[in-house]
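A.B. asks: what shape does this take:
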Amino acid sequence: MRLGLLPSGLVCCLGVQAAGIKISSDPALPTPNLVQNPDLEQGADGKPLGWSFITATPDNFQTGWQEGGRSGKCLWAKALTGKMSGYWNTTVAVEAGRTYFLQGYYRLGGGRILCYVHSTITGPDGKQVSVDERFYRSSLRGHWLSPVFLPPDCLSGPAPEQWQPLSLKVPVPAGPAVKAVAISLGIYFTPGEAWFDDIWFGRAETDLQVSVAPAPGEALKRVIVRKVGSEKPVFDRALADATTPFSTQIANQPADAEYEVEVTLADGRVVRQRYPERTTGPPEEGR
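C.D. replies: This next block holds a predicted model:
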């Protein structure tokens with residue numbers, strides 16, 4: 001038994017005596033990161049490639065592209081007062097009618113951060129179409145009443161030396177084409193200090209395509225598709241001992257998952273295939 005890898009990322013079995021399973025998706029998994037310089041390692045002259053700091057009151061902020069990230073460099077911003085917000089900003093291309101995820105990491109030394117994805121356009125009919133999805137986190141650490149009036153251990157908030165995950169689902173409306181959105185990471189109208197690193201933005205959903213071809217003399221009895229680690233199928237179809245190829249499309253599935261197709265043959269054998277592929281070995285077969 002040997003396995004063939006097609007240019008599109010499909011997997012097929014060549015010369016096998018068990019059902020051949022092909023799995024692909026649109027977009028292909030794993031979905032690409034659409035952010036330029038997402039790990040913040042690229043740049044020159046003290047400026048990170050693809051990122052800029054934006055605020056209406058520059059004198060209220062200290063900013064930097066500095067060492068101390070999760071690995072290498074990161075973005076840093078410190079608000080001296082709460083009179084204005086300020087954000088590290090980048091822009092990514094999107095497709096209207098699709099759903100995306102923003103993910104990344106932050107450290108918070110005090111104050112309130114806002115991480116948001118946003119865009120506003122005006123359609124031909126004069127109506128505005130907006131994207132505005134927000135992630136807030138706050139910390140009382142570094143409060144001006146500490147340590148004279150408030151003991152530091154009574155102030156709530158994540159440990160400032162520890163990186164915390166951020167996650168945000170971003171649906172882009174259909175209609176007038178929203179072609180790009182801005183990603184803004186910063187401090188929201190409070191004095192405080194924050195760091196950001198390893199930013200990921202990409203499609204949140206994918207359409208799976210599954211096809212199963214029985215080998216000569218075989219018949220297909222059942223096809224199940226699951227997310228790996230979940231018992232509940234995303235697709236389950238009983239077949240009347242089909243001797244012809246079977247195919248289906250399963251729309252709008254999470255793009256951050258791994259999937260397994262399980263095919264039961266009429267003689268009781270079970271053939272499994274995972275997507276995206278982890279190895280170049282043959283599909284799993286068992287009873």
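
A.B. asks: tell me which stretches of the stretch 1-150 of the chain form strands.
C.D. replies: 2-5, 11-14, 20-26, 43-44, 47-48, 52-55, 61-67, 73-79, 86-93, 99-122, 128-139 (DSSP state E, counting those that start in this stretch).

A.B. asks: adding distance to Glu205 and mean neighbour count, write those out as CSV.
C.D. replies: Glycine gets a C-beta too; all of them are placed from N, C-alpha and C. Formatted as CSV, the strands of the stretch 1-150 of the chain follow (distance: least, Cβ to Cβ, whole Å; neighbours: other Cβ atoms under 10 Å):
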stretch, distance to Glu205, mean neighbour count
strand 2-5, 25, 12
strand 11-14, 21, 17
strand 20-26, 10, 21
strand 43-44, 32, 10
strand 47-48, 29, 16
strand 52-55, 30, 16
strand 61-67, 33, 15
strand 73-79, 28, 24
strand 86-93, 17, 19
strand 99-122, 5, 20
strand 128-139, 15, 15
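
A.B. asks: ok, which of these comes nearest Asn252?
C.D. replies: Across those, Asn252 has its closest neighbour in strand 99-122 (8.1 Å, Cβ to Cβ).

A.B. asks: just name whatever secondary elements the closest one is in contact with.
C.D. replies: Contacts defined by 3 or more Cβ pairs under 8 Å, 6 or more residues apart in numbering; DSSP states H and E place strand 99-122 against strand 128-139, strand 164-171, strand 180-187, strand 192-203.

A.B. asks: hang on, the earlier thing: so which of the strands of the stretch 1-150 of the chain comes closest to Asp267?
C.D. replies: Asp267 lies closest to strand 20-26 among the strands of the stretch 1-150 of the chain, at 16.2 Å (Cβ to Cβ).

A.B. asks: which strands and helices sit next to the closest one?
C.D. replies: When contacts are defined as 3+ Cβ pairs under 8 Å, 6+ apart, strand 20-26 packs onto strand 11-14, strand 205-213, strand 259-265, strand 270-275.

A.B. asks: neighbours around Lys127, how many?
C.D. replies: The local packing of Lys127 (other Cβ atoms under 10 Å) involves 10 other residues.

A.B. asks: I'd like the distance between it and Gly175.
C.D. replies: 9 Å (Cβ to Cβ, to the nearest Å).

A.B. asks: where does pLDDT dip in the protein?
C.D. replies: Applying pLDDT under 70 to the chain flags residues 1-17, 140-158, 176, 278-287.

A.B. asks: and the residue nearest the centre of it?
C.D. replies: Phe101 (4.4 Å; Cα atoms, centre = their mean).

A.B. asks: next up, the contacts around the closest residue to it other than its chain neighbours.
C.D. replies: Sequence neighbours aside, Ala204 is the residue nearest to Phe101 in space, at 4.4 Å (criterion: Cβ to Cβ, 6 or more residues apart in numbering). Counting by Cβ atoms under 8 Å, 6 or more residues apart in numbering, Ala204 touches 99-101, 169-170, 254-256.

A.B. asks: can I see the domain layout of the protein?
C.D. replies: As assigned by automatic domain parsing, the chain contains the domains 2-29+205-286, 43-203.

A.B. asks: ok, which of these comes nearest Val35?
C.D. replies: Of all the domains of the chain, domain 43-203 comes closest under Cβ to Cβ, at 5.0 Å.

A.B. asks: the residue nearest to the centre of the chain pairs with what?
C.D. replies: Lys169, Gly202 (DSSP bridges).

A.B. asks: my read: it touches Leu166, true?
C.D. replies: No. Counting by Cβ atoms under 8 Å, Phe101 stays clear of Leu166, with 10.6 Å between them.
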